[in-house]
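Student: next come a sequence and a model predicted from it.
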Amino acid sequence: MSPAPASAEDAWWAAPQNRAAALRRAVEDLAAAFPGQYAGAPEFLQRLDALDKRITAAQGDDLKAAADELTALQREALLANPLLDFDRLLLVRRAEGSMGLPQNWQGNCSLPRAGYDNEIAVLSPVRPDGALTTLHKPEKDIMVGDVDLHFDGEKMLFSMIGSHNRWQIWEMNADGSGLRQVTSGEYPDVDNYDPCYLPDDRIIFGSTGVFHGVPCVGGSDTVANLFRMDADGGNMRQLSFDQDHNWCPTPLANGRVLYSRWEYSDTPHYFSRILFSMNPDGTNQAEYYGSNSYWPNSLFYARPIPGHPTEVVAIVTGHHGVARMGELVLFDPAQGRKEGGGVIQRIPGFGKPVEPAIVDQLVDNSWPKFLHPYPLSGKYFLVSCKPSPESPWGLYLTDVFDNLVLIKELPGQALLEPVPLRKTQRPPVVPDRVKPDTDKATVYIADIYRGEGLRGVPRGVVKSLRVFEIYYGYPKMGGHINIGIEGPWDVHRILGTVPVLEDGSAYFKIPANIPVALQPLDAQGRAVQLMRSWFVGMPGEAVSCIGCHEKQNETPPAAPTLAVQQAPVDITPWNGPARGFSFKRDVQPVLDRHCVGCHDDAAAEKNPDVPNLSPQDKNGWNNFTKSYIALHPYVRRPGPESDYHLLPPMDFGANTSQLIQMLEKGHYGVKVPPEDMDRLCTWIDLNVPDHGTWSEHTAIPENFHQRRLEMRTKYAGRPEDPEVIPELDPGSRVYQAPPQENQAEQKPVKAEGWPFNAKAAAARQAEAGAEARRTVDLGDGVSLELALVPAGRFVMGAPEGFPDETPQAEAAVDASFYMGVTEVTNAQYARFDPAHNSGFIDQQSKDHTTPGYPAQAPENPVIRVSWTRAMAFCAWLSEQTGLECTLPTEAEWEWACRAGSSQPFWYGNLDTDFAPFANLADESIRLLAVSGVNPQPIPKPSPFEDFLPKDPRFNDGQRIVSPVRLYQPNPWGLHDMHGNVAEWTLSLYQPYPYAADDGRNDPAAEGRRVARGGSWFDRPKRAQAGSRLGYESWQPVYDVGFRVLVRAPKDAKLAANH
């Protein structure tokens, strides 16, 4: 990014020395590329040598004179480029006062209908002294633009206001004759614009006939998706089915179509305009560049590089800030498709790296600014450019060598959309693959385990796929808090499930022409990964992919998979017909059966901390179901805008939600059967929606619903009405009281010599016969400090906790050991795995300008490390030191945590102010209730905004995970045994009473493993010395880390810490 220069001459690239070097690079390149056509190169270089010497020695007026001569030489030498082998340049002239550039969240449909002084014109010759000749100047002050020249150079398409004062597609001959409106213009409420010719002479264009509203502005702007029509305007058909705009379609050399797609299905909307490509019939829609990437925020006006199979040039810009204009960047997706992985160069920027940045107003202060690039080759480009804030928008020849040569500018005018007026190579015609007589497509997945999406997930975990449709909002409605609270942008219509076979393959049918998302499910029907995007199958299309977020250049399995050896299967409906998932219809029956006996009006009135889950006649805040408002705080989900990077598997898994954890741990004897647990987990996996239709949130404005149905029936063959609520059989809604289990009252369990106070704990540590502290050198200035934990016996378990934390039992720790003074930090873990990233803590609300709250600080405890990887770290540490390093068993962990205390915490009980001792869910959690651009804490949030469970009596000063050692250690010198992050133990998650010899501490055994101690996200009851949670051993968890236990004699590599 280059700061704004006072003038074009003041820019770094315009300094005479830099311009001389840039000119030399270009002349030498042209001489090598066109030896027979660029004959003036020796003379140009000779003159440049002389000028270079003068520039080096000159000052003042002499330097200015030399610089002016350099400008003249630069223009002469570079306008002699053999690639400029045409004498007419097509362009749009428009008065700068009304540039006609929609904001980056808009299309032409949002522009003023009048107030423009503009024309389609021809510059000839293509030189500064060339003359402009008008081809078409509208009779009225309406805008004309989006010009697309036919391959034969004899005619062109463009956008202009037409029938019903709406945008329409127009065509005229290259001499300005034969003007005609191509689109029929039959609809008074539909805009059509942004056209391009296809190789078979059909036309692709954007149309608002989908009747979607732009969600992030509450539907105040309307959305255009891509349609196709014949050359005469007939046989119109919808091709794309996207939540938000499609922009800038253009043909690729292979006959496919390149375009921009804006999507934010529960991802940050500032950063998610992606380059896509598809066949001209809409089949094989696929990412071209930028999925799961914060940079570039937006890609506009992309065009393919002539003669290259994959390179494109595009304008990179932000979300807010300047409209459509930005930096000129050359990409090659064959080198990479994420962030800066496929960047060849920014222009100007020869030899300079491109560092992707996460910034909303990405290019506001970057100069020069560009629009509408037209590549002559992979090195030379025609472009509309504004070199400095004071410069007009002129036409320039630029190149990868940092030259910027003015071709034409006019004071007060913008010269835009340069295209050589000549014949070009027609791409090959890709035959249609659509079968209009069917309303189905098929999907084939070769191996769900291939790709980054399920990295680390063992084979056999995924048993099926959930299939659901994303149903978008209407004009003049919609947003991030309409379908749910901290939930999805759109209605999620659940279609059902399909099986995944033993080899990871799947083959199934889906409805054509609707946006579909998939979720891989485990044996319990819980999502292992979230697809925060969608795909679409055209009628009769065979959609295929290799795996889950695999790279596009991966090759499919050579051997036939199990799935292709059978016919594609139909979707198995989920508890009834396809419908929008609804809390009232799909979750409330579960609450009625299992919860309302205790969680009712009377209980909530008596104790406000008890959520009222009973059905109510009227909705509550913002027209949400009252029981939904009460229950959703206990559920973790990505919300409207989660980290746009690919999530780790199960990062928002249902088992990370307190609701599911409470039920699985045993909540007052409630036993939820699998079919009802499936309803709860499906709700969570679908991002916790309340409403299953848009009209349940609020009345759909005007006639938009009727018009959408009409248009999708006619142009997409989808006559069904997603707003219709089907008849469902929810099963019995009679409350079923949990069974009364006759359990004998547990007799008090005692351990000799326990409990003991802090003074006695220190004495025991001193009597253990070794140094109380030792340090392991991890290299590069990083060390791991250990504290001695003496042997002993204690009573294990938490009678104040959950049922899975009882019954208590006496436990013995037979040998002293050393334990990490702190949880393993990011810096320490990086010595083992430098590629690991603890990522971000999710941020609420929308308008995110970052991925979330960073958790990767060196002194923060490492998180999102699975039990398997934690054990791998211990194995690595053992190899490095010769010591026996491992994770503590549950008994060892609890013994070390308690340090002699029999209370719930080493420092006290559930009512003790934990602020000096632990980072738990406290008053600081209120700071997570945020709003606004770059969301900031709401000064006085309402309960509906500040909903996360917390203990507001205390304030530990940290709203999320914090650096280690901020809080006082326990008597054995161990910090953060309660809170901050939970910690993996060696033990399997098995019922109590605890027995060390029952196989639960076998590291080779399969099953869930126990995490102890609670985290910053947990209230005190969930973070006691006896608190325990079970997670899959391969699962990286957002608030779980680990600390090391060392069973080792003295060693040279384990030195006393002085």
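Tutor: That came in fine, so what should we check first?
Student: contacting residues for the residue of the chain most remote from its centre?
Tutor: Largest separation from the mean C-alpha position in the chain: Glu752, at 55.2 Å (C-alpha atoms, centre = their mean). The contact partners of Glu752, by C-beta atoms under 8 Å, 6 or more residues apart in numbering, come to Arg793. From N, CA and C alone the C-beta is placed, and that goes for glycine too.
Student: for it, give me the pLDDT.
Tutor: Glu752 carries a pLDDT value of 95.
Student: can I see the domain layout of this structure?
Tutor: The chain breaks down by automatic domain parsing into domains covering 8-77, 83-420, 440-576, 758-1056.
Student: alpha carbons only: can I get stretch 43-55 in PDB?
Tutor: Written as PDB, here are the backbone C-alpha positions of stretch 43-55 (Å, rounded to 0.1, in the frame of the first residue of the first chain):
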ATOM      1  CA  GLU A  43      18.300   3.800 -29.500                       C
ATOM      2  CA  PHE A  44      15.900   4.000 -26.500                       C
ATOM      3  CA  LEU A  45      18.400   2.400 -24.200                       C
ATOM      4  CA  GLN A  46      21.200   4.700 -25.500                       C
ATOM      5  CA  ARG A  47      19.100   7.800 -24.800                       C
ATOM      6  CA  LEU A  48      18.100   6.300 -21.400                       C
ATOM      7  CA  ASP A  49      21.700   5.800 -20.400                       C
ATOM      8  CA  ALA A  50      22.400   9.500 -21.000                       C
ATOM      9  CA  LEU A  51      19.300  10.600 -19.100                       C
ATOM     10  CA  ASP A  52      20.100   8.300 -16.300                       C
ATOM     11  CA  LYS A  53      23.500  10.000 -15.800                       C
ATOM     12  CA  ARG A  54      21.900  13.400 -15.900                       C
ATOM     13  CA  ILE A  55      19.200  12.400 -13.400                       C
END
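Student: numbering from 391 from now on, please.
Tutor: Renumbered: residue one is now 391, and that last one reads stretch 433-445.
Student: give me the buried stretch members for it, please.
Tutor: By 16 or more other C-beta atoms under 10 Å, the buried positions in stretch 433-445 come out as Phe434, Leu435, Arg437, Leu438, Leu441, Asp442, Arg444, Ile445.
Student: give me the contact list for the helix or strand hosting the last one.
Tutor: Okay, so that is Ile445. Assessed by DSSP states H and E, Ile445 sits inside helix 431-447. With contact meaning C-beta under 8 Å, 6+ apart, helix 431-447 is reached by 406-407, 410, 413-414, 417-418, 420-421, 452-453, 456-457, 459-460, 463, 466-467.
Student: which among the residues you listed end up buried?
Tutor: Judged by 16+ other C-beta under 10 Å, buried ones among the contacts of helix 431-447: 406, 410, 413-414, 417, 420-421, 456-457, 459-460, 463, 467.
Student: circling back: same list, the buried residues of stretch 433-445, but as CSV with pLDDT and distance to Leu1037 please.
Tutor: Formatted as CSV, these follow (pLDDT from 0 to 100; distance: C-beta to C-beta, whole Å):
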residue, pLDDT, distance to Leu1037
Phe434, 96, 55
Leu435, 96, 55
Arg437, 95, 58
Leu438, 95, 54
Leu441, 93, 56
Asp442, 89, 54
Arg444, 90, 59
Ile445, 87, 54
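Student: export those to a markdown table and tack on distance to Phe617?
Tutor: What follows is those, written out as a markdown table (distance: C-beta to C-beta, whole Å):
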| residue | distance to Phe617 |
| --- | --- |
| Phe434 | 49 |
| Leu435 | 52 |
| Arg437 | 54 |
| Leu438 | 52 |
| Leu441 | 54 |
| Asp442 | 55 |
| Arg444 | 59 |
| Ile445 | 55 |
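Student: and which of those residues is nearest Pro518?
Tutor: Phe434 (18.2 Å; C-beta to C-beta).
Student: measure that closest one to Tyr428 for me?
Tutor: 9 Å (C-beta to C-beta, to the nearest Å).
Student: picking up where we left off before, report the distance from the helix or strand following the helix holding Ile445 to the chain centre.
Tutor: Following helix 431-447 in sequence order, the next helix or strand is helix 450-468 (DSSP H and E). Computed by C-alpha atoms, centre = their mean, to the nearest Å, the separation of helix 450-468 from the middle of its chain amounts to 48 Å.
Student: and helix 450-468, what does it pack against?
Tutor: In terms of contacts (3 or more C-beta pairs under 8 Å, 6 or more residues apart in numbering; DSSP states H and E), helix 450-468 is packed against helix 406-423, helix 431-447, strand 794-798.
Student: least reliable of the ones you listed going by mean pLDDT?
Tutor: If you rank the helices and strands packed on helix 450-468 by mean pLDDT, helix 431-447 sits at the bottom with a mean of 93.
Student: so that helix versus helix 450-468, what angle?
Tutor: Between helix 431-447 and helix 450-468, the angle comes out at 160 degrees (axes from the mean of the first three to the mean of the last three C-alpha atoms, to 10 degrees).
Student: residues in contact with the residue nearest the centre of the chain?
Tutor: The residue lying closest to the centre of the chain (C-alpha atoms, centre = their mean) is Tyr1034, at 1.8 Å. For Tyr1034, the contact set (C-beta under 8 Å, 6+ apart) comprises Thr657, Pro658, Phe661, Ser662, Asn682, Ser683, Tyr684, Pro1241.
Student: my read: the last one touches Glu1031, true?
Tutor: Just to be clear, that refers to Pro1241. No - counting by C-beta atoms under 8 Å, Pro1241 does not reach Glu1031; the two are 9.6 Å apart.
Student: those two: which has the busier surroundings?
Tutor: Between Pro1241 and Glu1031, Glu1031 has the larger neighbour count (other C-beta atoms under 10 Å), namely 29 against 20.
Student: nearest to Val1025, out of the domains of the chain?
Tutor: Among the domains of the chain, the nearest to Val1025 by C-beta to C-beta is domain 830-966 (9.3 Å).
Student: how about low-confidence regions in the chain?
Tutor: Applying pLDDT under 70 to the chain flags the ranges 391-400, 1132-1134, 1438-1448.
Student: tell me if His698 really is in a helix.
Tutor: No - per DSSP: H, G, I helix; E, B strand; the rest coil, His698 lies outside any helix segment and is coil.
Student: that one: neighbour count?
Tutor: The tally of other residues near His698 (other C-beta under 10 Å) stands at 14.
Student: now the one 3 residues further on
Tutor: Burial of Glu701, expressed as a neighbour count using other C-beta under 10 Å, amounts to 19.
Student: how close does Met1261 get to Trp1424?
Tutor: 11 Å.
Student: got it, and Ile961?
Tutor: Counting by C-beta to C-beta, the gap from Ile961 to Trp1424 is 28 Å.
Student: equivalent analysis for Asn1299, please.
Tutor: Counting by C-beta to C-beta, the gap from Asn1299 to Trp1424 is 36 Å.
Student: now do Leu648
Tutor: Leu648 is 39 Å from Trp1424, where distance means C-beta to C-beta.
Student: with Ser1321 instead?
Tutor: Using C-beta to C-beta, one gets 37 Å for the distance from Ser1321 to Trp1424.
Student: these two: which is more packed in?
Tutor: Trp1424 (17 against 14).
Student: just checking, that one touches Arg845?
Tutor: No - if you go by C-beta under 8 Å, Trp1424 and Arg845 don't touch, sitting 9.8 Å apart.
Student: give me the common contacts of these two.
Tutor: Common neighbours of Trp1424 and Arg845, counting by C-beta under 8 Å, 6+ apart, are Pro1039.
Student: contact partners for Leu761?
Tutor: By C-beta under 8 Å, 6+ apart, Leu761 lies in contact with Leu491, Tyr691, Ile705, Arg714, Met715, Val773, Ser774, Cys775, Trp783, Leu806.
Student: hang on, isn't the fourth one packed against Leu491?
Tutor: Yes - with contact defined as C-beta under 8 Å, Arg714 reaches Leu491; the gap is 4.6 Å.
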